[in-house]
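J.: Got a predicted structure here, sequence first:
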Amino acid sequence: MPVSRSSPTPGPGRPRGAARLLPGLAAAAVALVLAFLIHALVPSLPAMTLAVVLGVLAANLPVTGGWTAGRARPGLDFAGKHLMRGGIVLLGLKVGIGDVLDLGWLALVLITAVVAASFGGTYLISRLFRLPPVTALLVATGFSICGASAIGAMAAVRRIRHVDTVLPVALVTLCGTLAIGVLPLLVHPLRLSAEVFGAWTGASVHDVGQVVATAQTAGPAALAIAVVVKLTRVLLLAPVTALAGAHHRISLRPAGDDAGLPPVVPLFVLGFVAMVALRSTGWLADGWLEAGAMLQDVLLGAALFGLGSAVRIRTLLLTGGRALLAALASWLLIAVLGLAAALLIVR
């Protein structure tokens with residue numbers, strides 16, 4: 001949590017401990033209900049994207065801006081950091097190893113290559129646009145793997161400040177939302193089959209909810225392959241964060257002293273891997289998987305509302321111009337890479 005937002009020692013009348021979190025968590029709960037209601041009315045709008053948008057609106061409307069920056073801030077920061085980690089753990093319940101292997105080795109190699117090229121290309125583009133290394137790393141992680149969830153995981157592994165995740169989350173949400181509107185318009189001009197469009201969506205759109213919203217426009221066949229391709233990208237979250245953690249330890253290692261170094265893989269990433277393994281056993285009934293998916297949506301939705309509520313549009317416009325251009329260039333690069341892979345996966 002940023003030093004500038006650290007709360008002073010509670011004085012008389014100032015809430016202590018968990019009581020300080022209640023206003024922000026209550027605000028996140030209300031926003032979640034509203035996001036799910038809007039999603040139910042307009043299924044093409046993912047609830048997670050709506051959670052971010054509602055957070056941004058809450059931060060920038062005169063009536064609620066003071067609330068999100070004041071009394072609600074501790075709870076919103078808690079949601080953005082800790083509830084995000086819980087959501088990442090439960091995200092593993094959506095990934096079955098059997099479903100991934102059913103794609104075939106060629107598809108797995110291509111998807112891995114797309115993630116690697118997307119990560120490297122996005123990081124390079126971000127640095128060319130003179131974004132700070134931390135921002136470039138988070139943007140590359142979010143764009144190449146699974147959106148805000150990946151950003152949260154990478155931030156934890158590299159011990160990046162919570163406040164530094166705000167801009168990358170805003171960019172990945174914006175570009176993922178752009179994909180929902182743009183990619184379906186290209187199906188007919190590019191003469192894509194439903195399967196190719198689904199594979200393209202899964203290989204190039206950032207967040208799982210955004211993939212579903214985009215692919216379902218082309219029907220069940222597109223949606224089926226899109227989800228599996230996307231979850232294969234999600235599975236790469238564990239090795240990517242492990243490599244980042246190992247690199248971070250090496251770069252911070254004092255002479256022969258491992259004390260105080262961050263773990264190579266945080267516990268919540270190990271939890272994600274454990275949930276993938278549990279899902280892959282086939283032991284869990286559909287009811288448990290649905291309950292896990294619902295709880296994951298609640299945790300990630302609250303986290304994304306918390307992150308969105310830290311975005312100040314005026315500051316973003318003044319400081320985020322280069323970041324926006326870098327994000328759009330990266331979005332185009334990943335779309336091209338994903339389409340090339342999709343054409344080879346579905347032949």
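T.: Now that the structure is in, tell me what you want to look at. Since we're looking at a predicted model, the values are computed, not measured.

J.: which residue sits closest to Arg158, ignoring its sequence neighbours?
T.: For Arg158, ignoring the flanking residues on the chain, the nearest one in space by C-beta to C-beta, 6 or more residues apart in numbering is His248 at 5.3 Å. (Each C-beta comes from the backbone N, C-alpha and C, glycine too.)

J.: Could you check how far the one you found is from Ala238?
T.: 16 Å (C-beta to C-beta, to the nearest Å).

J.: repeat for Ala150
T.: 11 Å.

J.: Who has more neighbours out of these two?
T.: It is Ala150, of Ala150 and Ala238, that has more neighbours when counted by other C-beta atoms under 10 Å, with 29 against 18.

J.: quick one, helices of the stretch 51-200 of the chain?
T.: All helices of the stretch 51-200 of the chain, identified by DSSP state H, counting those that start in this stretch, fall at 62-69, 73-78, 84-91, 97-101, 105-128, 133-141, 148-157, 166-182, 194-204.

J.: Work out for me the element Gly245 sits within.
T.: helix 237-252 (DSSP states H and E).

J.: With distance to Ala242 and mean pLDDT added, can I get the helices of the stretch 51-200 of the chain in TSV?
T.: Formatted as TSV, these follow (distance: least, C-beta to C-beta, whole Å; pLDDT from 0 to 100):
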stretch	distance to Ala242	mean pLDDT
helix 62-69	34	90
helix 73-78	26	94
helix 84-91	14	92
helix 97-101	17	90
helix 105-128	14	96
helix 133-141	13	95
helix 148-157	8	90
helix 166-182	20	90
helix 194-204	22	96
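
J.: And for Leu124, the neighbour number?
T.: Neighbours of Leu124 (other C-beta under 10 Å): 15.

J.: before we move on, back to that, next one, pLDDT for the residue nearest to Arg158 please.
T.: pLDDT recorded at His248 is 76.

J.: Just give me the residue right at the centre of the protein.
T.: With distances taken as C-alpha atoms, centre = their mean, the chain has Ala148 as the residue nearest its mean C-alpha position (1.9 Å).

J.: so what's it closest to, chain neighbours aside?
T.: If the residues on either side of it in the chain are set aside, Ala148 comes closest to Val169, at 4.8 Å by C-beta to C-beta, 6+ apart.

J.: From Leu178, how far out is the one you found?
T.: Taking C-beta to C-beta, one finds Val169 at 15 Å from Leu178.

J.: Comparing the two, which residue is more hemmed in?
T.: Each of Val169 and Leu178 has its neighbours counted (other C-beta under 10 Å); Val169 has more, 29 against 16.

J.: tell me the contacts of the more buried one?
T.: Val52, Gly142, Ala148, Ile151, Leu304, Leu307, Gly308 (C-beta atoms under 8 Å, 6 or more residues apart in numbering).

J.: For the helix holding Gly245, name the packing helices and strands.
T.: In terms of contacts (3 or more C-beta pairs under 8 Å, 6 or more residues apart in numbering; DSSP states H and E), helix 237-252 is packed against helix 148-157, helix 267-281.

J.: Make CSV out of those helices and add distance to Leu344.
T.: Below are those laid out as CSV (distance: least, C-beta to C-beta, whole Å):
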stretch, distance to Leu344
helix 148-157, 24
helix 267-281, 26
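
J.: okay, those, which one's buried deepest?
T.: Among these, helix 148-157 has the highest mean neighbour count (mean count of other C-beta atoms under 10 Å), at a mean of 28.

J.: What is the subsequent helix or strand relative to the worst-scoring helix or strand of the chain on mean pLDDT?
T.: Least confident element among the helices and strands of the chain, by mean pLDDT, DSSP states H and E: helix 313-319 (a mean of 74). Counting by DSSP H and E, the next helix or strand C-terminal to helix 313-319 is helix 321-345.

J.: okay, the angle between that following helix and helix 133-141?
T.: With axes from the mean of the first three to the mean of the last three C-alpha atoms, to 10 degrees applied, the angle from helix 321-345 to helix 133-141 works out at 30 degrees.

J.: Sort out which residues of helix 321-345 are buried, please.
T.: 323-324, 326-327, 329-331, 333-335, 337-342, 345 (16 or more other C-beta atoms under 10 Å).

J.: now what about that helix, what contacts it?
T.: 103, 106-107, 110-111, 113-114, 117-118, 121-122, 125-126, 128-131, 135, 139-140, 143-144, 167, 171-172, 174-175, 178-179, 183, 190, 196-197, 199-204, 229.

J.: Could you tell me which of the residues you listed count as buried?
T.: Buried among these by 16+ other C-beta under 10 Å: 103, 107, 110-111, 114, 117-118, 121-122, 125-126, 129, 131, 135, 139-140, 143-144, 167, 171-172, 174-175, 178-179, 183, 196-197, 199-204, 229.

J.: show me the contacts for Val89.
T.: Phe268, Gly271, Phe272, Ala274, Met275.

J.: Including pLDDT and distance to Leu25, could those go into JSON lines?
T.: JSON lines is the format used below for the contacts of Val89 (pLDDT from 0 to 100; distance: C-beta to C-beta, whole Å):
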{"residue": "Phe268", "pLDDT": "88", "distance to Leu25": "19"}
{"residue": "Gly271", "pLDDT": "93", "distance to Leu25": "21"}
{"residue": "Phe272", "pLDDT": "92", "distance to Leu25": "23"}
{"residue": "Ala274", "pLDDT": "94", "distance to Leu25": "26"}
{"residue": "Met275", "pLDDT": "95", "distance to Leu25": "24"}
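
J.: Just the closest of those to Ala221, please.
T.: Met275 (27.6 Å; C-beta to C-beta).
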